[in-house]
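Participant: this one's structure only:
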């Protein structure tokens, strides 16, 4: 799989550039761009995995989430610039759903096929559960219900206020986790942590960082052109803006998390897999999305923090399901299957919407 | 109570046949049919209890749920045939509510009057909680919100898709519970299980199975005629289709579970009581209902997986309440009272709807 | 702070009386009344703290909640008499939100700044969580959804029915907690309870009770006049009835809980702090509110148990957040910050509504 990604990158990036210059068929280029981004995300995944081994599982999980979401952030900024607010909210919804249901579901399922029971840090799971409830069920539901009869100006003030609070709370969560309460909430599974350290990183620190930087720039370039193809692709396949954003963009944008989270689950490092899936959802909801709301004030069309009802209800139910399944700090193939089934149900729903 | 059920059966079945032939007053026959079904369900309850003792608590719980829901399934098929889709969805809603709130509530309450604290398998409770969230909060809520602006054709495709996923997941849950993870999640209450085995079954295996078979056929006969009386009974008492389905049909159809679950709770076998109540809800939501959606494609009117809002919200809140109260694997009379109070509130609501 | 409250009372009560007689500016008097009530509530807080020490933490928590809510109940009765149903429901919503988010949030946050981890009774937290789900998510959500197409008469019957069930269940909860299951659910932190008993009460039993009685009467007098100023104050500051009820009245009415809960948290008596915050919310939802619904039958305008959607959704999300954060029986500054952030978001929302 690693060689495949390298080959795809070596072919995909120049083809993307040439195709963009010579105005090849948008549908063809849509496929090329998607595959190239997936391949680049694969490289980013390998680079972050190497860094994760060098710098420990917690920081590793954070790095994974950050660089997976860099792709998300980059695509969203170009969409925002193009005034495609619907696609931005849809792709971020898709990212939250994809991480909570598809990434975590595949991790639990694939890991569960190899191991009968896999466990992960119960304190971490509960801490994340509180944040998921706060972000999705408080910060996203409140504006949906409150702005029903509100004018656009007040809606935007409320959106900006909530966005600022989300960012402050996200930073406070990092402060809590890495500074004031580092190591305060721990379980007694020191053994597994020792095993992890024995593993060798694929790349050195310098090479990993270089690959990260170059791949991220390439993703930015390709993303900008990808966004331009949405209109024609949607018409060609009969896909709505919502479906493209929630399913296609989210899967393409999260391929890195997919690859590395499932790999970690297969290696029985569930702490890292869950950190990638849930941590990434949280980062999208509490950091990427509010940043985009604030950035949108600089563009022609500002983006309020108001989802469509199907988007919101999908996120709310996904959060409740994930919390219920992860609250015991234990996973198995069936937990994974339940999450995947929820993803498929939502996917069918968004297709027909 | 056992003699009463036997006498009721011996009188009720012939009276049902004669009354149906000579076209006696529908209101009178409605009462006769209901009492006969309750009595037959009582027989089914005793037969399954005997089988439960012979075959162990887990299989016993499953048997109880299956044969309680056989009554449900039979009534629903006749309602579906008569085109009474509203009554089918209402009676299945009522079955989920009745099992989660009334059956479990009575079990907790009656058991709690005798024992100060009763405990049940916490792993089982959590496993069931995940499935309840999946079935009710994901699989039922999603079509409700998504089909708001959808045409009938797409609504039906989404309904069929979700139904197939529910059935697959239900079968996967059985595979998980009885094959791949049998005995993986266990608590250390081996002692109570040894005690259970000392009990003698009332009937032998052959007699129990014979009673099950005959009583189930009789229920089918009576149910078909019961469905025909709904229209006139509703007009006579001022009951809506919804109220008949949710409260009357559900109580009549679940009398077997009521009898056996409360009996088990009184004998301090809370694992079986909870398995009957929650397991039965899950079987209705994840198996009986999707099967009926698929079967409805064969009839004149197909049934989408779209409840009325009061039905849906009642189930969602019942699930959240049940999960909160059962998540600690411990019950008492007050937990039971809370569940019963929720049932009464919903009952009043449906009466005035 | 204690001297400040005494001085405020000594000045505030006569100024309130004089200002009311000579019809001073309503906006000025609004401020005077609010400050006087806060000061009186402070006195009530000190008196209840003394009684709490004398009579133990559980009864102390109950006393705190009762007398904090006496203020609430008194203001509400005068609002009801004035036909201001919207303000009553809003101020009770505000009281539930204020206790769950602001009082508990400040307690967790302030306590968490001093102690790295604070723990409270996990059984108590779960018992309360079940009641919160019952009261807010079942008893408040059901009428909202069911009365959508119901006429006023049926709506009122359903409201009265639910109110009676809530009161019965609240009394049953007291019976459960203090009679049938007293000491049945306990954790092994006897040590901290011994320490508590060493503390000296500020006032004797007789003085504390006297202060409670006089301050409560004074609160009643001031509240009646406070209610009359709402109309003009709202117009002057551009505040809606909803905002005055939910934020202003709730903060003024709950100042006693604020003061004593945060004090308890600072002294690491988290059991008492949580009992005040959550117990007070429960008392408002399960006792004060249903009593007011029943009392409203005696007035010109009867009050149904139907909130506005923003009120209801705020309470539902606050309950889910609180349950998630308190379910592990452990708090820290970050948990507090999350609750406070949720309160601020709702506050902004209600301001712009």
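Facilitator: On my side now, so go ahead. Computed from a predicted structure; not experimentally measured.

Participant: hey, let's count contacts and neighbours off CA atoms from now on
Facilitator: Will do.

Participant: Would you confirm that residue A:132 contacts residue A:319?
Facilitator: Yes: under the criterion of CA atoms under 8 Å, residue A:132 makes contact with residue A:319 at 6.6 Å.

Participant: Quick one: neighbours of residue A:18, just the number.
Facilitator: Using other CA atoms under 10 Å in any protein chain shown, residue A:18 has 12 other residues around it.

Participant: can you tell me the helix or strand for it?
Facilitator: When elements are assigned from DSSP states H and E, residue A:18 belongs to helix A:2-21.

Participant: Please state the offset of that helix from the chain centre?
Facilitator: 23 Å (CA atoms, centre = their mean, to the nearest Å).

Participant: Tell me how many other residues crowd residue A:262.
Facilitator: 27.

Participant: Write out the residues of chain A neighbouring chain C.
Facilitator: For chain A, the residues in contact with chain C (CA under 8 Å from any CA of the partner chain) are A:126, A:129-131, A:133-134, A:137-139, A:142-143, A:145-147, A:149-150, A:154, A:158, A:161-162, A:165, A:169, A:172-173, A:176, A:181.

Participant: OK, contacts around the spatially closest residue to residue A:249 that is not a sequence neighbour?
Facilitator: The shortest distance from residue A:249 to any non-neighbouring residue, by CA to CA, 6 or more residues apart in numbering or on different chains, is to residue A:91 (6.0 Å). Counting by CA atoms under 8 Å, 6 or more residues apart in numbering or on different chains, residue A:91 touches A:76, A:244-247, A:249-250.

Participant: check which helix or strand covers residue A:91.
Facilitator: Per DSSP H and E, residue A:91 falls inside helix A:85-97.

Participant: how far is that helix from where the chain is centred?
Facilitator: 10 Å.

Participant: I'd like the next helix or strand past that helix.
Facilitator: Next along the chain after helix A:85-97, taking DSSP H and E as the criterion, comes helix A:104-114.

Participant: what comes into contact with that following helix?
Facilitator: Residues outside helix A:104-114 that contact it (CA under 8 Å, 6+ apart): A:118, A:258, A:261-268, A:273-274, A:277-278, A:331-340.

Participant: can you do 6 Å?
Facilitator: A:262, A:265-266, A:277, A:332-333, A:336, A:339-340 (CA atoms under 6 Å, 6 or more residues apart in numbering or on different chains).

Participant: could those residues go into a markdown table alongside distance to chain B, pLDDT and secondary structure?
Facilitator: As requested, the contacts of helix A:104-114 are exported to a markdown table (distance: CA to the nearest CA, whole Å; pLDDT from 0 to 100; DSSP: H, G, I helix; E, B strand; the rest coil):
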| residue | distance to chain B | pLDDT | secondary structure |
| --- | --- | --- | --- |
| A:262 | 21 | 87 | helix |
| A:265 | 19 | 89 | helix |
| A:266 | 18 | 88 | helix |
| A:277 | 19 | 88 | helix |
| A:332 | 9 | 91 | coil |
| A:333 | 9 | 94 | helix |
| A:336 | 11 | 95 | helix |
| A:339 | 8 | 96 | helix |
| A:340 | 10 | 96 | helix |
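
Participant: So which of those residues wins on neighbours?
Facilitator: residue A:277 (30 neighbours).

Participant: For that residue, give me its contacts.
Facilitator: Contacts were defined as CA under 6 Å, 6+ apart; by that measure residue A:277 touches A:99-100, A:103-104.

Participant: go with 10 Å
Facilitator: Residue A:277 makes contact with A:61, A:64-65, A:96-105, A:107, A:254, A:257-258, A:260-262 under the criterion CA atoms under 10 Å, 6 or more residues apart in numbering or on different chains.

Participant: Which pLDDT does the model give residue A:42?
Facilitator: We have a pLDDT of 78 for residue A:42.

Participant: quick one, phi/psi of residue A:116?
Facilitator: phi -70, psi -50 (degrees, to the nearest 10).

Participant: roughly how far apart are it and chain C?
Facilitator: 26 Å (CA to the nearest CA, to the nearest Å).

Participant: Not counting residues beside it along the chain, what's closest to that residue?
Facilitator: With CA to CA, 6+ apart, the residue lying closest to residue A:116 is residue A:332, at 6.3 Å.

Participant: From what I see, that neighbour and residue B:176 are in contact.
Facilitator: Yes: at 9.5 Å, residue A:332 and residue B:176 qualify as touching, with contact defined as CA atoms under 10 Å.

Participant: now residue A:200, what's its secondary structure?
Facilitator: coil (DSSP: H, G, I helix; E, B strand; the rest coil).

Participant: For it, which residues are in contact?
Facilitator: By CA under 10 Å, 6+ apart, residue A:200 lies in contact with A:50, A:53-54.

Participant: now these in CSV, with pLDDT, distance to residue C:217 and secondary structure?
Facilitator: Shown next, in CSV, are the contacts of residue A:200 (pLDDT from 0 to 100; distance: CA to CA, whole Å; DSSP: H, G, I helix; E, B strand; the rest coil):
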residue, pLDDT, distance to residue C:217, secondary structure
A:50, 85, 70, helix
A:53, 83, 67, helix
A:54, 85, 68, helix
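
Participant: Same list, those, but as JSON lines with neighbour count please.
Facilitator: Output for the contacts of residue A:200, formatted as JSON lines (neighbours: other CA atoms under 10 Å in any protein chain shown):
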{"residue": "A:50", "neighbour count": "23"}
{"residue": "A:53", "neighbour count": "20"}
{"residue": "A:54", "neighbour count": "19"}
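
Participant: next SSE after the longest helix seen in chain A?
Facilitator: When chain A is scanned for its longest helix (criterion: DSSP state H), the result is helix A:205-237. Next helix or strand after helix A:205-237 toward the C-terminus (DSSP H and E): helix A:241-243.

Participant: And that following helix, what does it pack against?
Facilitator: For helix A:241-243, the helices and strands in contact under the criterion 3 or more CA pairs under 10 Å, 6 or more residues apart in numbering or on different chains; DSSP states H and E are helix A:85-97, helix A:205-237, helix A:333-352.
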